[in-house]
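*Asks:* Output the structure for:
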Amino acid sequence: MKSADTFKLKVKTGKTYLLRLINAALNDELFFSIANHTLTVVEADAIYVKPFKTETLILAPGQTTNVLLKTKSKFPGANFLMSARPYVTGQGTFDNSTVAGILEYESPVPMKNLPLFTPTLPSLNDTSFVSKFSNRLRSLANSKFPANVPQKIDKHLFFTVGLGTAPCAQNRTCQGPNGARFAASINNVSFVQPSVALLQSHFFNKSKGVYSPYFPINPVHWFNYTGTPPNNTFVSNGTKLMVLPFNTSVELVMQDTSILGAESHPLHLHGFNFFVVGQGFGNYDPKKDPKNFNLVDPIERNTVGVPSGGWVAIRFLADNPGLLLMHVISVWFLVVHI
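*Replies:* Purely as a prediction, here's the structure:
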């Protein structure tokens with residue numbers, strides 16, 4: 001790491017700085033920490049949260065977090081690394097390198113060869129830390145910044161998310177199991193990009209042959225999602241949409257699967273914020289788990305990580321008409337006036 005290539009954040013003693021952290025990675029969730037400094041989390045995905053202090057954060061791809069950094073009252077005579085590295089749960093290859101910048105205090109006199117302190121980050125697969133950190137995120141839920149969590153649900157959805165397989169193209173070599181290729185899916189449907197714009201097809205009432213409005217609200221085949229995987233790992237392919245009438249109150253539970261190994265899946269919903277009302281490990285229990293949902297001050301955001309070997313429940317109001325994508329693994333919501 002050459003000093004000329006390293007980002008330096010220069011600060012003064014006795015000051016409070018607002019740092020906006022953005023995970024711009026494609027698929028890696030990232031731990032972040034500044035050596036010998038405590039951060040106060042005040043916002044997530046542009047929504048204020050109940051402030052809390054932490055030495056380390058976790059951010060999924062696309063997530064943003066605002067933190068307050070209070071610098072030391074006196075010149076510390078040292079520099080401090082700001083480090084980030086992946087949180088890894090899958091079985092595939094990954095980049096386990098650590099990226100770093102330097103927190104540098106303004107010195108009263110020129111000084112060279114200052115000691116450089118390094119933060120202690122969680123282990124690469126520290127799911128316990130990720131779960132505890134996520135549970136600390138709470139909305140302000142006051143009169144000025146209310147948490148308008150949908151209390152009455154019109155539409156209950158249950159999506160399984162994960163990796164399966166698909167046949168390898170002719171005359172190609174694929175690295176999936178038994179020579180197949182990896183394929184991401186929701187409820188075993190792997191999205192096929194259409195050749196005609198979806199919203200245009202809907203607007204002109206010419207959706208036939210372009211897309212199906214019957215995306216499954218539940219898995220077609222039920223199995224032990226976090227246990228022994230089924231023998232058939234092939235996914236189906238299609239251009240299917242989930243149609244929601246305008247102002248529908250939606251509860252969506254997303255369940256990780258262990259078909260090709262359990263792993264955390266970051267998912268972003270375009271056009272809406274949602275409330276993360278619950279999460280847990282193992283298979284979601286529709287009779288027991290809703291009793292523990294937080295419907296008072298859950299975190300409101302637009303991107304969430306489905307826990308490795310677990311599930312997450314969100315609620316939102318479909319009050320933004322249009323064609324709205326949920327990805328990294330893709331499903332399209334079509335919100336229409338009826």
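*Asks:* Now do the closest residue to residue 310 other than its chain neighbours against residue 233, distance only.
*Replies:* Nearest residue to residue 310, sequence neighbours excluded (CB to CB, 6 or more residues apart in numbering): residue 281, at 3.9 Å. The way it works is simple: take the backbone N, C-alpha and C, and place the C-beta from them, glycine included. Distance of residue 281 to residue 233, computed by CB to CB, to the nearest Å: 22 Å.
*Asks:* Show me which of these two is the more surrounded one.
*Replies:* Counted by other CB atoms under 10 Å, residue 281 and residue 233 do not tie: residue 233 has more neighbours, with 20 against 15.
*Asks:* so how far is the longest helix along the chain off the chain centroid?
*Replies:* Counting residues, the longest helix found in the chain (DSSP state H) is helix 127-136. Centroid separation for helix 127-136 versus its chain: 13 Å, with CA atoms, centre = their mean, to the nearest Å.
*Asks:* Repeat that for stretch 236-250.
*Replies:* 20 Å.
*Asks:* Could you give the average pLDDT over it?
*Replies:* Stretch 236-250 shows a mean pLDDT of 93.
*Asks:* Could you do stretch 160-168 as well?
*Replies:* On average, stretch 160-168 scores 91.
*Asks:* so what's residue 43 up against?
*Replies:* 49, 64, 65, 66 (CB atoms under 8 Å, 6 or more residues apart in numbering).
*Asks:* how about residue 217, secondary structure?
*Replies:* coil (DSSP: H, G, I helix; E, B strand; the rest coil).
*Asks:* and it, backbone torsions?
*Replies:* Torsion angles at residue 217 (phi, psi; degrees, to the nearest 10) stand at phi -80, psi -10.
*Asks:* ok, then the element right after the helix or strand that contains residue 58?
*Replies:* Assigned by DSSP states H and E, residue 58 belongs to strand 56-59. The helix or strand immediately downstream of strand 56-59 is strand 64-70, counting by DSSP H and E.
*Asks:* name the helices or strands packed onto that next one?
*Replies:* strand 16-22, strand 39-44, strand 56-59 (3 or more CB pairs under 8 Å, 6 or more residues apart in numbering; DSSP states H and E).
*Asks:* just the angle between the following helix or strand past that strand and strand 16-22, please?
*Replies:* Later in the chain than strand 64-70, the nearest helix or strand by DSSP H and E is strand 79-87. Taking axes from the mean of the first three to the mean of the last three CA atoms, to 10 degrees, strand 79-87 and strand 16-22 form an angle of 30 degrees between their directions.
*Asks:* looking only at pLDDT, what's the mean for the helix or strand that strand 79-87 is followed by?
*Replies:* Using DSSP H and E, the helix or strand that follows strand 79-87 in sequence is strand 99-105. Mean pLDDT, computed over strand 99-105, is 96.
*Asks:* before we move on, what about stretch 60-79?
*Replies:* 96.
*Asks:* Next: stretch 10-22.
*Replies:* Rounded mean pLDDT across stretch 10-22 is 97.
*Asks:* For that stretch, list every residue counted as buried.
*Replies:* Using 16 or more other CB atoms under 10 Å as the test for burial, stretch 10-22 gives 11, 21.
*Asks:* before we move on, the earlier item: okay but the residue nearest to residue 310 is in contact with residue 309, surely?
*Replies:* Yes - using CB atoms under 8 Å, residue 281 is in contact with residue 309, at 5.8 Å.
*Asks:* any shared contact partners between these two?
*Replies:* Joint contacts of residue 281 and residue 309 (CB under 8 Å, 6+ apart) are residue 226.
*Asks:* Distance from stretch 190-199 to the middle of the chain?
*Replies:* On CA atoms, centre = their mean, the centre of stretch 190-199 falls 24 Å from the chain's centre.
*Asks:* In PDB, list the C-alpha atoms belonging to it.
*Replies:* Extracted in PDB, the C-alpha atoms of stretch 190-199 (Å, rounded to 0.1, in the frame of the first residue of the first chain):
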ATOM      1  CA  SER A 190     -34.700 -17.200 -12.000                       C
ATOM      2  CA  PHE A 191     -35.500 -14.000 -13.700                       C
ATOM      3  CA  VAL A 192     -35.200 -13.800 -17.500                       C
ATOM      4  CA  GLN A 193     -34.600 -10.300 -19.000                       C
ATOM      5  CA  PRO A 194     -37.300  -9.500 -21.500                       C
ATOM      6  CA  SER A 195     -36.700  -8.000 -24.900                       C
ATOM      7  CA  VAL A 196     -39.600  -5.500 -24.500                       C
ATOM      8  CA  ALA A 197     -39.900  -3.000 -21.600                       C
ATOM      9  CA  LEU A 198     -42.100  -4.400 -18.900                       C
ATOM     10  CA  LEU A 199     -43.900  -1.100 -17.900                       C
END
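*Asks:* still on that earlier bit, packing partners for the strand holding residue 58?
*Replies:* By 3+ CB pairs under 8 Å, 6+ apart, strand 56-59 packs against strand 16-22, strand 29-34, strand 64-70, helix 127-136.
*Asks:* What strands flank it, and is each parallel or antiparallel?
*Replies:* strand 29-34 (antiparallel) (DSSP bridges).
*Asks:* Tell me which residues of the longest helix of the chain come out buried.
*Replies:* 127, 129, 130, 131, 133, 134.
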